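Colleague: Just the structure for this:
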Amino acid sequence: MFCGINPGRVSAAAAAHFANPRNDFWRLLHDAGFTPRRFEPAEQFSLLPLGLGVTNAAFRTTPGSADLRQGDFDVTRLERIARELGPRAVAFVGKEAYRGLFRERAELGPQLRTIGTTALFVLPSTSPANAAVPYGERLRWFAALRDWIVPVERQAVRALVVDARRRLLLVRFEHPVSGQSWWATPGGGVDDGESDRQALERELREEAGLELVDPIGPVVFERDHTFPWGGRILRQHERFYLVQVVRHEVAPTIDLRPEGVTGLHWWTLAELDATSETVVPPGLTGLVGRLSN
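Modeller: Residues are numbered from 1 along each chain as shown. Now for the predicted structure:
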């Protein structure tokens with residue numbers, strides 16, 4: 001989803017995004033490979049079948065973006081769109097669109113901030129007012145966006161660690177910029193040359209100080225999960241293994257803060273049912289309940 005700053009007078013009169021004939025948005029979209037041909041502003045809804053969309057950070061029409069006030073920017077609306085439509089990424093067409101919404105400056109390119117599972121990217125402005133930036137430079141950033149939104153494939157293993165009291169061990173993650181937090185099962189990416197067991201042993205030792213002695217249980221669940229992390233978009237194939245222990249005192253063996261981990265906790269099924277905190281993957285409580293019966 002492309003997000004411009006606000007409609008200028010030409011765009012407002014045409015009821016179309018980036019309608020100024022001197023605005024390079026539609027030309028850049030085609031030259032970077034997003035569209036099979038150069039669309040006209042009136043064809044903006046033809047973007048939808050291509051998996052693309054356009055919106056604005058602010059909706060008040062002004063002669064120029066400098067005439068906008070902070071109250072014109074509606075970050076709540078953009079967050080709602082991201083939750084409801086689930087775009088892989090929002091690309092801000094110009095630094096001012098991003099700054100107006102989040103009240104922070106940004107460099108061009110991928111951002112560490114996210115909106116849930118939606119990644120953020122900042123492009124140069126395509127406005128004629130930004131003519132000091134050569135067309136070739138702007139095209140380079142649009143092409144970089146086109147390459148960046150293709151997810152990096154990653155294999156991962158996760159453990160459903162259940163103790164004798166039918167409690168589940170979960171790890172708390174916190175996003176370093178947005179502060180969003182969620183609970184997930186221990187685990188992580190499988191390194192080159194590692195087996196699933198080796199990866200699981202390493203992750204459980206590092207995150208919880210848990211040494212695997214007995215054979216790991218079966219794969220009880222698999223999913224593909226696409227999400228932004230560390231300025232990249234990952235498509236992660238996750239295999240969940242059942243790991244049963246009698247009891248265990250959590251004692252991480254490395255500093256987990258660089259990985260966004262802020263805590264570990266044993267959860268009862270009743271606590272999982274009652275919590276208002278985010279727990280992933282969805283349906284985890286039911287899955288653990290069935291396995292531990």
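
Colleague: When you work out contacts or count neighbours from here on, use the C-alpha atoms and nothing else.
Modeller: Will do.

Colleague: buried stuff in stretch 212-221?
Modeller: L212, I216 (16 or more other C-alpha atoms under 10 Å).

Colleague: again, but for stretch 97-107
Modeller: A97, Y98, R99, G100, L101, A106.

Colleague: got the contact list for A251?
Modeller: Contact analysis of A251 by C-alpha atoms under 8 Å, 6 or more residues apart in numbering lists E207, A208, G209, L210.

Colleague: Domain parsing of this protein, as residue ranges.
Modeller: Following automatic domain parsing, the chain resolves into domains at 2-148, 152-291.

Colleague: can you tell me the average pLDDT over the shortest one?
Modeller: Along domain 152-291, the predicted confidence averages to a pLDDT of 92.

Colleague: what do you get for the first one?
Modeller: Per-residue pLDDT values across domain 2-148 average out to 95.

Colleague: can you give me the offset of that domain from its chain's centre?
Modeller: Distance of domain 2-148 from the chain centroid (C-alpha atoms, centre = their mean, to the nearest Å) equals 18 Å.

Colleague: and if you look at the last one?
Modeller: Averaged C-alpha coordinates place domain 152-291 at 18 Å from its chain's average position (C-alpha atoms, centre = their mean).

Colleague: distance between the ends of that domain?
Modeller: Domain 152-291 has an end-to-end distance of 32 Å (criterion: C-alpha to C-alpha, to the nearest Å).

Colleague: Where do the strands of this protein begin and end?
Modeller: 2-4, 54-56, 89-93, 109-115, 118-123, 152-162, 168-174, 181-184, 187-189, 219-229, 232-244, 261-267 (DSSP state E).

Colleague: Packing partners of the second one?
Modeller: Using 3 or more C-alpha pairs under 8 Å, 6 or more residues apart in numbering; DSSP states H and E as the contact criterion, the secondary-structure elements in contact with strand 54-56 are strand 2-4.

Colleague: helices or strands up against the strand it packs on?
Modeller: When contacts are defined as 3+ C-alpha pairs under 8 Å, 6+ apart, strand 2-4 sits against strand 54-56, strand 89-93.

Colleague: Which strands border it, and is each parallel or antiparallel?
Modeller: Looking at strand 2-4 with DSSP bridges, its partner strands are strand 54-56 (parallel), strand 89-93 (parallel).

Colleague: R290: which of the buried residues of stretch 97-107 is nearest?
Modeller: R290 lies nearest to L101 out of the buried residues of stretch 97-107, by C-alpha to C-alpha, at 44.0 Å.

Colleague: Just the CA trace of stretch 275-287, in PDB.
Modeller: In PDB, the C-alpha atoms belonging to stretch 275-287 read as follows (Å, rounded to 0.1, in the frame of the first residue of the first chain):
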ATOM      1  CA  THR A 275      -5.300 -13.000  29.200                       C
ATOM      2  CA  SER A 276      -5.900  -9.900  27.100                       C
ATOM      3  CA  GLU A 277      -2.200 -10.000  25.900                       C
ATOM      4  CA  THR A 278      -1.300 -11.100  22.400                       C
ATOM      5  CA  VAL A 279      -0.300 -14.800  22.200                       C
ATOM      6  CA  VAL A 280       0.900 -16.400  19.000                       C
ATOM      7  CA  PRO A 281       0.100 -18.500  17.100                       C
ATOM      8  CA  PRO A 282      -3.700 -18.100  17.300                       C
ATOM      9  CA  GLY A 283      -5.400 -21.100  18.800                       C
ATOM     10  CA  LEU A 284      -2.400 -22.100  20.900                       C
ATOM     11  CA  THR A 285      -4.500 -22.700  24.000                       C
ATOM     12  CA  GLY A 286      -6.800 -25.200  22.300                       C
ATOM     13  CA  LEU A 287      -3.800 -27.000  20.700                       C
END
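
Colleague: which other residues reach it?
Modeller: Stretch 275-287 is touched from outside by S181, W182, W183, A184, T185, L269, L272, D273, with contacts defined as C-alpha under 8 Å, 6+ apart.

Colleague: Quick check: the farthest pair among the residues you listed?
Modeller: The widest separation within these (C-alpha to C-alpha) is 19.8 Å, between S181 and L269.

Colleague: Using a markdown table, please lay out the strands of the chain together with distance to A251.
Modeller: A markdown table is the format used below for these (distance: least, C-alpha to C-alpha, whole Å):
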| stretch | distance to A251 |
| --- | --- |
| strand 2-4 | 44 |
| strand 54-56 | 47 |
| strand 89-93 | 36 |
| strand 109-115 | 29 |
| strand 118-123 | 32 |
| strand 152-162 | 14 |
| strand 168-174 | 12 |
| strand 181-184 | 17 |
| strand 187-189 | 15 |
| strand 219-229 | 25 |
| strand 232-244 | 17 |
| strand 261-267 | 9 |
